[in-house]
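Peer 1: Sequence first, predicted model second:
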Amino acid sequence: MNTRRQLGEFLQTRRSQLRPEDVGVATYGGQRRVPGLRREELALLAGVSASYYSRLEQGQASNASPEVLDALARALRLDDAERRHLHELASGGRRRGARRRPVPERVSPVTRQLITVLGDVPMVVLGRRSDVLAWNTLGHALYAGHLDPDGPDTPQRRPNMARLVFLDAHTRDLYADWAAKAQGVVATLRMASGRHPDDPLLAALIGELTVKSPEFAAMWADHRVKAGGDAIYEMRHPLVGTMKVTQQTLRTADDQAVVVATTEPDSPSHSAMTLLVHSVVTGRASAQDPRRDAPTRK
């Protein structure tokens with residue numbers, strides 16, 4: 001992925017979304033030909049020359065200092081995640097080297113231990129490309145009960161959460177506000193593209209989704225970023241009905257995301273989740289019952 005081009009597109013998109021009145025820029029009632037701030041107006045707010053800022057947007061400069069980037073972030077009113085993304089895009093252009101085929105991601109023993117300990121809570125471990133690296137039984141039942149539960153065990157067969165959200169009908173139906181979930185997925189992928197600009201598999205995933213999903217292409221062009229955190233989604237599960245689920249995302253040292261799903265105690269959603277747990281436990285016990293497939297004696 002071309003980080004200089006990404007940097008320029010990110011700056012241009014954020015500049016177009018910032019209104020002059022938001023930052024105290026006088027317009028004197030004149031008609032403006034561009035949405036948001038002009039390049040020279042943003043450069044003035046950040047304390048850099050208009051020509052230098054123009055080169056940044058056009059992908060012709062790769063030596064922006066941390067101080068300049070911080071000044072641009074303040075002028076654009078970026079949040080912490082957006083500020084980190086800006087720095088990662090700028091540094092990506094300087095650290096480019098020989099490309100190496102990425103090795104398959106693996107879940108550490110510590111993370112697997114966490115999944116085991118929290119066996120009664122739905123959990124999914126996602127890699128930097130949103131591949132499902134691991135899930136517990138409840139995580140599989142909540143998010144993708146229609147898929148092979150052993151899929152994450154083989155790198156070539158691993159489900160990919162971004163593909164599921166945009167290309168899988170079951171996953172689309174799972175979220176009452178699908179657009180909010182989809183925007184979160186795109187924002188997380190955009191953050192990953194800044195961290196790993198030389199990952200060919202990540203670039204291939206983004207290219208595939210851009211071609212196959214016009215909705216993804218439109219959201220990707222918006223350059224929103226997201227570092228993780230918590231989100232509440234209304235999920236319409238085919239087995240237990242509708243429930244509000246809080247998805248908490250924890251980051252590991254390996255840049256993997258551990259997604260934990262919980263519901264509010266003593267709520268209808270908690271009752272639905274309890275019913276899902278019961279159905280999973282009952283199904284697992286039935287599958288392990290040696291009498292289940294035993295021939296009937298006459």
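Peer 2: On my side now, so go ahead.

Peer 1: can you pull out the strands in this protein?
Peer 2: 123-126, 132-135, 229-237, 241-251, 257-262 (DSSP state E).

Peer 1: With mean neighbour count added, can I get these in a markdown table?
Peer 2: Where you see a C-beta, it was placed from the backbone N, CA and C, and this is true even at glycine. Shown next, in a markdown table, are the strands of the chain (neighbours: other CB atoms under 10 Å):
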| stretch | mean neighbour count |
| --- | --- |
| strand 123-126 | 25 |
| strand 132-135 | 22 |
| strand 229-237 | 15 |
| strand 241-251 | 16 |
| strand 257-262 | 19 |
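
Peer 1: between these, which gets nearest to residue 34?
Peer 2: For the strands of the chain, the distance to residue 34 is smallest for strand 229-237, at 32.6 Å, taking CB to CB.

Peer 1: Now tell me what touches the closest one from outside.
Peer 2: For strand 229-237, the surrounding residues in contact (CB atoms under 8 Å, 6 or more residues apart in numbering) are 142, 173-177, 180-181, 184, 242-249, 272, 276.

Peer 1: again, only this time at 10 Å
Peer 2: 81, 141-143, 145, 173-178, 180-181, 184, 241-250, 259-264, 269, 272-273, 275-276 (CB atoms under 10 Å, 6 or more residues apart in numbering).

Peer 1: In terms of mean pLDDT, which of the strands of the chain ranks lowest?
Peer 2: When the strands of the chain are ranked by mean pLDDT, strand 229-237 comes last with a mean of 91.

Peer 1: Could you export the strands of the chain as JSON lines, including distance to residue 165?
Peer 2: Formatted as JSON lines, the strands of the chain follow (distance: least, CB to CB, whole Å):
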{"stretch": "strand 123-126", "distance to residue 165": "12"}
{"stretch": "strand 132-135", "distance to residue 165": "12"}
{"stretch": "strand 229-237", "distance to residue 165": "11"}
{"stretch": "strand 241-251", "distance to residue 165": "13"}
{"stretch": "strand 257-262", "distance to residue 165": "13"}
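
Peer 1: Of all those strands, which one is nearest residue 88?
Peer 2: That would be strand 241-251 among the strands of the chain, by CB to CB, at 14.7 Å.

Peer 1: quick one: strands adjacent to the closest one?
Peer 2: Applying DSSP bridges to the sheet, strand 241-251 is found paired with strand 229-237 (antiparallel), strand 257-262 (antiparallel).

Peer 1: show me the contacts for residue 259.
Peer 2: Here residue 259 is in contact with 122-126, 132, 135, 139, 143, 161, 228, 231, 247-250 (CB under 10 Å, 6+ apart).

Peer 1: which non-adjacent residue is nearest it?
Peer 2: Once flanking residues are discounted, residue 259 sits nearest to residue 124: 4.7 Å by CB to CB, 6 or more residues apart in numbering.

Peer 1: Distance of the one you found relative to residue 271?
Peer 2: 22 Å (CB to CB, to the nearest Å).

Peer 1: want to throw the strands paired with strand 241-251 into CSV with distance to residue 9?
Peer 2: Below are those laid out as CSV (distance: least, CB to CB, whole Å):
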stretch, distance to residue 9
strand 229-237, 24
strand 257-262, 25
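
Peer 1: looking at these, which is closest to residue 3?
Peer 2: Residue 3 lies closest, by CB to CB, to one member of the strands paired with strand 241-251: strand 257-262, at 22.2 Å.

Peer 1: okay, the closest one in CSV with CA atoms only?
Peer 2: Backbone C-alpha positions of strand 257-262 (Å, rounded to 0.1, in the frame of the first residue of the first chain) are rendered in CSV as follows:
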residue,chain,number,x,y,z
ALA,A,257,-7.7,-8.2,19.3
VAL,A,258,-9.5,-10.2,21.9
VAL,A,259,-13.2,-9.5,21.6
VAL,A,260,-15.3,-10.2,24.7
ALA,A,261,-19.1,-10.2,24.4
THR,A,262,-21.1,-9.4,27.5
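
Peer 1: For the residue nearest the centre of the chain, give me its contacts.
Peer 2: Central residue of the chain (CA atoms, centre = their mean): residue 188, 2.4 Å from the mean position. The contact partners of residue 188, taken as CB under 10 Å, 6+ apart, are 81, 126, 128, 130, 161-162, 224-228, 249, 257.
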